[in-house]
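> Based on what follows, work out the 3D shape:
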Amino acid sequence: AAGMSDYISKPFNPIHLIETIETHLQQAAGYESAPATVSPGPREVADDLAESAPRDGDSTAVPVLELDSLLKRCLGKRPLAHRLVTKLHNGLEQNRRELLAAADAGDLQRLTTLAHTLKGSAGNLGAEGLHRAARVLESLGRRDDSNGLPEALADFNREVDRFLSDAPTLAAGLLAESAS
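Numbering: from 1, shown residues only. Okay, the predicted model is just below:
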């Protein structure tokens, strides 16, 4: 039968992906196995906004990068993690300019698309503050709600600045530890 039999949310964990595929292959081959657990689907906008609020009003309490999470997604390959962090870092200022231009032009559809893309990139890298800020912008854009944009854009700019400032040192540390 055609259709969706499972769901893996982003940012995905490569080990969970392999386990899910193996479960479905075993089921297709007729082997008995524990029932597959289905990851929760996409959340509602209100849930995203509620979960996205900075804890204690201080976004600096969230690390710029969750290195353990990043390394798990990269299967421990520090050079890969370094390349991914560097790639996001190198393109982030351009992403910010495009997103702010869309906001200034009142183009919430473009803002939503740009925020969604950045949300995925940041989430896959474990850049939780940046991920959260992009998720809030995406949610506002999807709801066609420009009232919350000034505060959300200010938070987004703070998170971009934090990432641009701290990521090069963190990325260099990934390579330094892989060399030792």
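
> avg pLDDT for stretch 81-101?
Per-residue pLDDT over stretch 81-101 has a mean of 96.

> buried stuff in it?
Using 16 or more other C-beta atoms under 10 Å as the test for burial, stretch 81-101 gives 81-82, 84-86, 88-89, 92, 95-96, 98-100. Just so you know, the C-beta spots here come from the backbone N, C-alpha and C atoms, and that holds for glycine as well.

> Contacts for that stretch next, please.
Applying C-beta atoms under 8 Å, 6 or more residues apart in numbering, the external contacts of stretch 81-101 come out as 65, 67, 70-71, 74, 110-111, 114-115, 117-118, 121-122, 124-125, 127, 137, 153, 156-157, 160, 163-164, 167-168, 170-172, 174-175, 178.

> Quick check on those residues: which are buried?
For the contacts of stretch 81-101, buried by 16+ other C-beta under 10 Å: 65, 67, 70-71, 74, 110-111, 114-115, 118, 121-122, 124-125, 127, 137, 153, 156, 160, 163-164, 167, 170-171, 174.

> Show only the entries of those found in helices.
67, 70-71, 110-111, 114-115, 118, 121-122, 124-125, 137, 153, 156, 160, 163-164, 167, 170-171, 174 (DSSP state H).

> picking up where we left off before, would you format the buried residues of stretch 81-101 as JSON lines with distance to Ile18 included?
Formatted as JSON lines, these follow (distance: C-beta to C-beta, whole Å):
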{"residue": "Ala81", "distance to Ile18": "19"}
{"residue": "His82", "distance to Ile18": "23"}
{"residue": "Leu84", "distance to Ile18": "20"}
{"residue": "Val85", "distance to Ile18": "24"}
{"residue": "Thr86", "distance to Ile18": "26"}
{"residue": "Leu88", "distance to Ile18": "25"}
{"residue": "His89", "distance to Ile18": "29"}
{"residue": "Leu92", "distance to Ile18": "30"}
{"residue": "Asn95", "distance to Ile18": "31"}
{"residue": "Arg96", "distance to Ile18": "35"}
{"residue": "Glu98", "distance to Ile18": "35"}
{"residue": "Leu99", "distance to Ile18": "34"}
{"residue": "Leu100", "distance to Ile18": "39"}
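
> Out of these, list just those in helices.
Using DSSP H, the buried residues of stretch 81-101 in helices are 81-82, 84-86, 88-89, 92, 95-96, 98-100.

> pLDDT on stretch 166-178, on average?
On average, stretch 166-178 scores 87.

> For the chain, name the helix or strand with the lowest mean pLDDT.
When each helix and strand of the chain is scored by mean pLDDT, DSSP states H and E, helix 45-52 comes last, with a mean of 43.

> what ranges of the protein fall below the confidence cut-off?
1-5, 7, 9-13, 15-17, 22, 24-25, 28, 31-60, 178-180 (pLDDT under 70).
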